[in-house]
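A.B. asks: turn this into a structure:
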Amino acid sequence: MNTGTTGSTSRGLRLALRVYPATYRAERGEEITAVHADLTEGAGRLATARETAGVAAYGLRVRTGLTSGGIGGQLLATTAPLVAAVALGQQLPVLWHLPQSWQTALPTADTPTNYRPEVIASAFPGVLWLLVVAALLLRKWTAARILAALAGVAVVAEWLVRSHLIQAWAPGMPPDYTDLVSTAGAGVLWALLVFAAPGDLLGSTVARRPRAAVLPALLLAASTLVHSAGVISASQNTTETLSATFLLLGLLSLAFLRWGRLLPTATGLAILPIVFTNAVLLLSYHVFSWFDYWLGDLGMLVNYVVGATLVALLTAGAVRFLYHQPSASPEASSDLSAQ
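C.D. replies: Prediction:
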């Protein structure tokens, strides 16, 4: 081990090992420490810190059940290509209308603000999701996960740019957190789903046969059509009912885990972020209105974070308690190989 960094490495490694569950740490702690020592021998501070961070990151996967051998990791790996298709479908209409938006973004007598920076910012998520899909097709798993994370950052950055322009046009106007949830909520969740997928499993879920590309292609087309149509032109009560119904159906897709069917569950998880976002926006007034009363403009954002946390916990609990078959079961293997 690098003697110049032994003290800091030991402290960092001890902290990283604490991320693991106690039983796992007791069984494998010495082995992890020995491997870490071999990998960092003669390495500099940056390389040592990177290896230590890798130890902590895997410990987090072990604690959350998102390893390659766990059903959670297998489910996320199955979901990742479907998520990329749905997320790209959301952004394709934006990219398609980009030239028109660029022409109409110049200042006018009524709106003296130049909105071209917002147009540029709005293009980044779509470009990044295009690159995610390309990386998945080329089997560049690490690149796909990093690009997905950047796409999640890009949708938030788009809102920040828009908020800055609004502030320049109308100083003193409070940030519109409802707009943040509506424009970035689903994109952030999609990015998290892809980034959390174990990279070493993506190779078994990305399309290798023509028929395996059918479902992602259908989801891409459906997502593009839905987002091209814009907001559903129906009464608020009808829209609320539809959103709540599809949200329930998305969660019920977890029931397929009872038979070890990963693909139907993955499909439900892929569409859940956009349905959940719409449901929170439409039902917030009726269900979570107390946050708006106490927190004002931040209420919608808190509504979304609380709701997303509850849905994530519910999903994790369902994955843990519904799946009873071993990970190598024929049904699970069939779903994985079908991707």
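A.B. asks: how far away is Leu298 from Glu158?
C.D. replies: 20 Å (CB to CB, to the nearest Å). To be clear about C-beta, it is placed using only N, CA and C from the backbone, and glycine gets the same treatment.
A.B. asks: and if you look at Arg50?
C.D. replies: Counting by CB to CB, the gap from Arg50 to Glu158 is 30 Å.
A.B. asks: rewinding a little: so between Leu298 and Glu158, which is more surrounded?
C.D. replies: The residue with more neighbours, out of Leu298 and Glu158 and counting by other CB atoms under 10 Å, is Glu158; that gives 24 against 14.
A.B. asks: assign Arg139 to helix, strand or coil.
C.D. replies: Classification of Arg139 into helix, strand or coil gives coil, according to DSSP: H, G, I helix; E, B strand; the rest coil.
A.B. asks: next one: Ser68
C.D. replies: Counting by three-state DSSP, the backbone at Ser68 sits in coil.
A.B. asks: ok, now how distant is it from Leu76?
C.D. replies: Here the distance between Ser68 and Leu76 works out to 10 Å (CB to CB).
A.B. asks: the two: who's more crowded?
C.D. replies: Taking other CB under 10 Å, Ser68 and Leu76 do not tie; Leu76 has more neighbours (26 against 14).
A.B. asks: I'd say the more buried one and Ala197 touch.
C.D. replies: Yes - proximity of Leu76 to Ala197 meets the contact threshold set by CB atoms under 8 Å, at 4.1 Å.
A.B. asks: where in this structure is pLDDT low?
C.D. replies: Applying pLDDT under 70 to the chain picks out residues 1-9, 105, 107-113, 203-212, 229-244, 246-247, 283-297, 323-339.
A.B. asks: quick one on the thing from earlier: common neighbours of Ser68 and Leu76, please.
C.D. replies: Contact criterion CB atoms under 8 Å, 6 or more residues apart in numbering; residues bridging Ser68 and Leu76 by contacting each: Pro198.
A.B. asks: tell me which stretches of the stretch 101-250 of the chain form helices.
C.D. replies: Defined through DSSP state H, counting those that start in this stretch, the helices belonging to the stretch 101-250 of the chain, from first to last, are 116-137, 141-169, 177-195, 199-202, 214-229, 236-252.
A.B. asks: save the ones you listed as a markdown table, and put in distance to Ala80 too.
C.D. replies: Compiled in a markdown table, the helices of the stretch 101-250 of the chain are given as follows (distance: least, CB to CB, whole Å):
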| stretch | distance to Ala80 |
| --- | --- |
| helix 116-137 | 7 |
| helix 141-169 | 8 |
| helix 177-195 | 5 |
| helix 199-202 | 6 |
| helix 214-229 | 10 |
| helix 236-252 | 17 |
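A.B. asks: for those, which one ends up most surrounded?
C.D. replies: Ranked by mean neighbour count, the helices of the stretch 101-250 of the chain are led by helix 177-195 with a mean of 22 (mean count of other CB atoms under 10 Å).
A.B. asks: just want the angle from that helix to helix 116-137.
C.D. replies: Per axes from the mean of the first three to the mean of the last three CA atoms, to 10 degrees, the angle that helix 177-195 makes with helix 116-137 is 20 degrees.
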